[in-house]
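Q: Provided below for reference: sequence and predicted model.
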Amino acid sequence: MKSGASKADLIFLAVTLVCCGALLLMPGPRPLARQSGTPVRARVLATDDSLLETHGLLRFGSQRLEVRILEGEHRGEIFRAGNELRAQMELDKLFAPGDTAIVIVHESDRPGEAVLTAQDHDRSFWGILLAGSFCVLLCVFGSWTGAKALFSFVFSCLVIWKAVIPLVLAGLPAGWTIFGAVALLTAVIVYLVAGVTRKGLAAFAGASSGVLAGLVLAHLFGRFMKINGATMPYAQTLLYSGYENLNLQDLYIGAMMLACSGAVMDLAMDIASAVEEVARHNRQLPMRELVKSGLRVGRSVVGTMTTTLLLAYSGGYITLLMVFAAQGTSPWIFLNNPLVAAETVKTLIGSFSLVLVAPFTAWFAGFLFRPR
């Protein structure tokens, strides 16, 4: 606690924890349909692939499994389960003896009988192990600051799952709803990490201004370039699930702001910290010189940060880029493809936000740290 837990920090941390508890108690979005059956974990004892057919690189048909239930009222019992393959490599899964699977148990009309359907591999153990290792490393390396960063991580997950998604599904404008959530997350993360200080206020103001400018640009160029938002994964499935009134273009714009907000926040904190350090070593520097110092730091960081966004977004669509390269598609057709255009807009608007957040944060930091 020596590294920096003031009374204001502790109060803010306590409020954040209370908010996390309140978000946990909030109900999620109302499902329009209930999944039939009960999901349970099961150990795969044996497999039968005789009903599977292979055509080229794709396999389809039915894989038969013999499984032992690991939990629930049928724990310890052995059943047969079906695993249907539909020749979709991104969704199909094959099981082998020794795997742990998630199966759906459908109770039969006959007492003591049940019909089982294999749904997917159980990845919870390794996921929990990875998450736990991350938490330990963050707290060990970052000490008190790392613990606060962990709280902000948990709070961000809860806000997105318990607030943003239900509100957007309920019909609120996705772009402005996500912007409000980003502003809230920026305040919580910045104040938890930097403390309730002038540095935290400067970083929050600069980051929020940059995201707001990016939101306006995203609305303009999303319409100019006719990006309809259907390029997002499962967008069409969402419409056919009973939410046909969703504005996919607005949702795409909000998702764009959410995706770039982390980099924007990082840059704002870098500039605010640099200006604070300069002002600490020379308390007589006027606001103009402090702003210039912030701008010089911003120029040094913006180049790498924009490249970071480009690499992050292109990494998610590297297979798409490889398909166009393999087909010899001309750059003109390539750049006008809806998927490529959507990623191009996302990268450029995120970069715009990054570039704009530098002068905003430098000005706010210079104003807050100017000589009194």
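A: Cool, got the structure. Numbering: from 1, shown residues only.
Q: If you count contacts, what does the helix or strand hosting residue 16 end up packed against?
A: For residue 16, the element it lies in under DSSP states H and E is helix 7-25. In terms of contacts (3 or more CB pairs under 8 Å, 6 or more residues apart in numbering; DSSP states H and E), helix 7-25 is packed against helix 124-159, helix 174-194. For every residue, glycine as well, the C-beta is placed using N, CA and C.
Q: which one of those helices is the most hemmed in?
A: By mean neighbour count, with neighbours taken as mean count of other CB atoms under 10 Å, helix 174-194 ranks first of those at a mean of 22.
Q: Okay, now the sheet partners of the host helix or strand of residue 120, with direction.
A: Assigned by DSSP H and E, residue 120 belongs to strand 114-121. Using DSSP bridges, strand 114-121 pairs in its sheet with strand 78-86 (parallel), strand 100-107 (antiparallel).
Q: re the thing from before, could you list the buried residues of the helix holding residue 16?
A: Residues 9, 12-13, 16, 20, 23 are the ones in helix 7-25 that count as buried (16 or more other CB atoms under 10 Å).
Q: again, but for stretch 237-248
A: Applying 16+ other CB under 10 Å to stretch 237-248 flags 238, 246-248 as buried.
Q: What is the helix or strand just after the helix holding residue 16 packed up against?
A: Sequence-wise, the next helix or strand downstream of helix 7-25 (DSSP H and E) is strand 38-48. Strand 38-48 sits against strand 58-69, strand 78-86, strand 100-107, with contacts defined as 3+ CB pairs under 8 Å, 6+ apart.
Q: what about strand 38-48, average pLDDT?
A: Averaging pLDDT along strand 38-48 yields 91.
Q: Between strand 100-107 and it, find me the angle.
A: Interaxial angle of strand 38-48 relative to strand 100-107 (axes from the mean of the first three to the mean of the last three CA atoms, to 10 degrees): 110 degrees.
Q: Mind listing residues that contact strand 38-48?
A: Residues outside strand 38-48 that contact it (CB atoms under 8 Å, 6 or more residues apart in numbering) are 63-72, 74, 78-79, 81, 95-105, 116, 119, 122.
Q: distance between it and the chain's centre?
A: 31 Å (CA atoms, centre = their mean, to the nearest Å).
Q: same question, stretch 284-300
A: Averaged C-alpha coordinates place stretch 284-300 at 33 Å from its chain's average position (CA atoms, centre = their mean).
Q: Also stretch 14-25?
A: Averaging C-alpha positions (CA atoms, centre = their mean) puts stretch 14-25 20 Å from its chain's average.
Q: Next, the contact list for residue 66, please.
A: Residue 66 neighbours (CB under 8 Å, 6+ apart): 44-47, 78-81.
Q: Please apply the same query to residue 81.
A: 42, 64-67, 101, 103, 116-118.
Q: Please apply the same query to residue 150.
A: 135, 138-139.
Q: what's the distance between it and residue 143?
A: Distance, residue 150 to residue 143, using CB to CB, to the nearest Å: 11 Å.
Q: show me where the stretch 201-350 of the chain has helices.
A: Here the stretch 201-350 of the chain has its helices, by DSSP state H, counting those that start in this stretch, at 235-240, 248-281, 287-316, 318-327, 331-336, 338-368.
Q: Quick one: mean pLDDT over the fourth one.
A: The average pLDDT within helix 318-327 is 82.
Q: What's the separation between the residue nearest to the spatial centre of the chain and residue 346?
A: Central residue of the chain (CA atoms, centre = their mean): residue 259, 7.0 Å from the mean position. Noted for residue 259: a distance of 7 Å to residue 346, by CB to CB.
Q: can you check residue 155 too?
A: Relative to residue 346, residue 155 is positioned 25 Å away (CB to CB).
Q: ditto for residue 163
A: Residue 163 sits 23 Å away from residue 346, going by CB to CB.
Q: Residue 283 now?
A: Going from residue 283 to residue 346 by CB to CB gives 42 Å.
Q: do residue 186 as well
A: With distances taken as CB to CB, residue 186 is found 19 Å from residue 346.
Q: cool, and residue 70?
A: 42 Å.
Q: Which of the two has more residues huddled nearby?
A: More crowded of residue 70 and residue 346, by other CB atoms under 10 Å: residue 346, with 25 against 16.
Q: Report the contact partners of that one.
A: Neighbours of residue 346 in contact, by CB under 8 Å, 6+ apart: 256, 259-260, 313.
Q: Derive a PyMOL selection command for the buried subset of those.
A: The following PyMOL line selects those of the contacts of residue 346 that are buried, judged by 16+ other CB under 10 Å:
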select buried, resi 256+259+260+313
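Q: could you dump the contacts of residue 346 to a markdown table with pLDDT and distance to residue 276?
A: Compiled in a markdown table, these are given as follows (pLDDT from 0 to 100; distance: CB to CB, whole Å):
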| residue | pLDDT | distance to residue 276 |
| --- | --- | --- |
| 256 | 89 | 30 |
| 259 | 87 | 28 |
| 260 | 87 | 24 |
| 313 | 74 | 31 |
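Q: which of the contacts of residue 346 lies closest to residue 36?
A: Nearest to residue 36 among the contacts of residue 346: residue 259, at 34.8 Å, using CB to CB.
Q: Surely that closest one is in contact with residue 350?
A: Yes: using CB atoms under 8 Å, residue 259 is in contact with residue 350, at 6.7 Å.
Q: what touches both of those two?
A: Residues touching both residue 259 and residue 350 by CB under 8 Å, 6+ apart: residue 313.
Q: out of the helices and strands packed on strand 38-48, which comes closest to residue 361?
A: Going by CB to CB, the one of these nearest residue 361 is strand 100-107, 45.8 Å.
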